[in-house]
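Student: Model the following, please.
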Amino acid sequence: MFPIGDTEVRGAGPGIVTITLIVINVAVFVLFEATLDQAALQNFFDQWAVVPQEILAGEELFTLLTSMFLHGGWFHLASNMVFLWVFGDNIEAVMGKFFYVVFYLLSGLAASTAHILFNPASTVPSVGASGAIAGILGAYVVMFPKSRIRLAMMSRAGMRIGRTSALVFLGIWFVSQLFNGIASLGAPTAQTGGVAVWAHIGGFIVGLVAGFLLRDKAGQLAFETS
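Tutor: All right, here's what the predicted structure looks like:
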């Protein structure tokens with residue numbers, strides 16, 4: 001299942017900040033990552049990505065910001081940007097442009113903090129907007145739990161489009177992250193390695209808090225489409 005849209009509309013027109021964030025993430029990937037070979041990309045991540053051991057030593061603190069705009073490949077970038085596109089505009093409309101940017105960055109910082117706390121000795125670079133976007137998902141599920149999420153689903157008959165509520169879809173997403181996070185505390189496996197699940201959980205929790213603080217404002221805005 002992959003989200004391709006929602007039925008909830010807040011504000012007038014597209015989310016300009018959301019679009020800008022998507023453009024920045026894509027531009028960074030195309031200009032600085034897409035043309036690098038594996039060795040050069042590893043060096044690039046060593047310089048600009050979050051490395052927990054370095055952060056706890058007080059080194060390379062700027063990577064807490066820069067890592068939010070880096071991605072490990074085309075699929076990583078595309079999946080993150082689709083989630084940002086589907087869920088970000090409503091949160092932007094509720095918060096306003098300035099506070100939406102602040103919230104996005106704080107969610108990303110909280111995500112990195114959670115990842116570092118659960119992986120303090122790690123020297124593996126961590127990249128991606130996933131933690132910041134997880135904050136958006138957390139806020140969305142509180143503000144718009146009844147919104148219908150359009151999903152692209154693969155079956156034996158091919159791709160079909162279905163719908164489910166934001167509460168169900170994002171609830172399943174969070175529970176899966178939580179189980180993976182708990183599993184990652186044990187012996188590493190192919191299912192638990194390579195994904196900073198605690199970053200997703202940290203960002204999501206920040207989003208839940210913001211959602212509860214602003215859900216009354218969300219209910220006062222605009223309309224729902226079919």
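Student: hey, let's count contacts and neighbours off CA atoms from now on
Tutor: Fine.
Student: For Leu178, which non-adjacent residue is closest in space?
Tutor: Leaving aside its chain neighbours, Leu178 sits nearest to Ile201 (6.8 Å; criterion: C-alpha to C-alpha, 6 or more residues apart in numbering).
Student: Please verify my assumption that that neighbour contacts Gln177.
Tutor: Yes. Between Ile201 and Gln177 there is a contact under C-alpha atoms under 8 Å: 6.7 Å.
Student: who's more crowded, those two?
Tutor: Neighbour totals were compared for Ile201 and Gln177, and Ile201 leads with 24 against 20 (other C-alpha atoms under 10 Å).
Student: give me every residue that touches Ile24.
Tutor: Phe69 (C-alpha atoms under 8 Å, 6 or more residues apart in numbering).
Student: residue ranges of the strands in the chain, please?
Tutor: Here the chain has its strands, by DSSP state E, at 2-6, 8-9, 148-155, 158-165, 223-224.
Student: Which elements pack onto the first one?
Tutor: Just to be clear, that refers to strand 2-6. Applying 3 or more C-alpha pairs under 8 Å, 6 or more residues apart in numbering; DSSP states H and E, one finds that strand 2-6 makes contact with helix 74-95, strand 148-155.
Student: separation between Ala110 and Pro120?
Tutor: 15 Å (C-alpha to C-alpha, to the nearest Å).
Student: Of those two, give the one with the bigger neighbour count.
Tutor: Per other C-alpha under 10 Å, whichever of Ala110 and Pro120 has more neighbours is Ala110, with 25 against 16.
Student: one step back: among the helices and strands packed on strand 2-6, which is nearest Ile16?
Tutor: Of all these, helix 74-95 sits nearest to Ile16, with 8.1 Å by C-alpha to C-alpha.
Student: report the angle between the axes of that closest one and strand 148-155?
Tutor: Per axes from the mean of the first three to the mean of the last three C-alpha atoms, to 10 degrees, the angle that helix 74-95 makes with strand 148-155 is 170 degrees.
Student: buried sites along helix 74-95?
Tutor: 77, 80-95 (16 or more other C-alpha atoms under 10 Å).
Student: Tell me how many other residues surround the spatially closest residue to His200 that is not a sequence neighbour.
Tutor: Nearest non-adjacent residue to His200, counting by C-alpha to C-alpha, 6+ apart: Gly131, 4.7 Å away. Counted with other C-alpha under 10 Å, the neighbours of Gly131 add up to 33.
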